[in-house]
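Engineer: Okay, sequence plus prediction incoming.
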Amino acid sequence: RDIGLMFDWYWSQSPIQWDSTGDNVAVMLEAWDNKDRWIATVDFKNQALVSQHRLHDDAWVNYKSNSFGWLNNSPVLYFLSEQSGYAHLYTKALGKPEKALTQGQYEVDQLTLSDD
């Protein structure tokens with residue numbers, strides 16, 4: 001199945017996000033059938049993509065819930081995911097499990113990253 005960089009008509013965000021040090025880069029990829037979305041980092045040493053998060057939906061992945069990036073001055077990713085059935089905010093340190101920052105029967109949208 002073909003995959004490529006996420007093309008999303010709702011965002012002004014790039015599907016390629018560098019951390020503030022320039023040492024880590026994350027990319028958002030999507031399957032052409034729109035049933036899967038991945039956030040992957042690049043392992044420069046081994047020249048490979050490393051999956052950090054995968055979202056699957058038998059119907060389709062919602063384009064409005066795809067914000068992602070790096071926390072300031074940190075190698076920690078933040079992202080929205082509808083894996084619970086609602087769009088919620090998660091963080092993920094590289095090599096660690098993801099952590100849900102929000103939960104419940106509501107949706108998180110329009111993230112704003114503070115300076116700290």
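Structural biologist: Nice, I can see it.
Engineer: How about the helix or strand bottoming out on mean pLDDT in the chain, which residues are buried there?
Structural biologist: Lowest mean confidence among the helices and strands of the chain (mean pLDDT, DSSP states H and E): strand 3-5, at a mean of 91. Neighbour counts over strand 3-5 (16 or more other CB atoms under 10 Å) mark no residue as buried. All C-beta spots, glycine's among them, are computed from the backbone N, C-alpha and C.
Engineer: for that strand, packing partners?
Structural biologist: strand 25-31 (3 or more CB pairs under 8 Å, 6 or more residues apart in numbering; DSSP states H and E).
Engineer: moving C-terminal of the strand it packs on, what's the next helix or strand?
Structural biologist: strand 36-43 (DSSP states H and E).
Engineer: hey, where'd the strands end up in the protein?
Structural biologist: 3-5, 16-18, 25-31, 36-43, 48-56, 68-70, 76-81, 88-93, 99-100 (DSSP state E).
Engineer: Go through those and name the closest to residue 108.
Structural biologist: Minimum separation from residue 108 across those (CB to CB) falls at strand 88-93, 4.9 Å.
Engineer: So what touches the closest one?
Structural biologist: 52-53, 71, 75-82, 98-104, 107-108, 111 (CB atoms under 8 Å, 6 or more residues apart in numbering).
Engineer: could you check the angle strand 36-43 makes with that strand?
Structural biologist: Going by axes from the mean of the first three to the mean of the last three CA atoms, to 10 degrees, strand 88-93 is angled at 20 degrees with respect to strand 36-43.
Engineer: the inter-axis angle of strand 88-93 versus strand 76-81?
Structural biologist: Using the same axes, to 10 degrees: strand 88-93 against strand 76-81 is 150 degrees.
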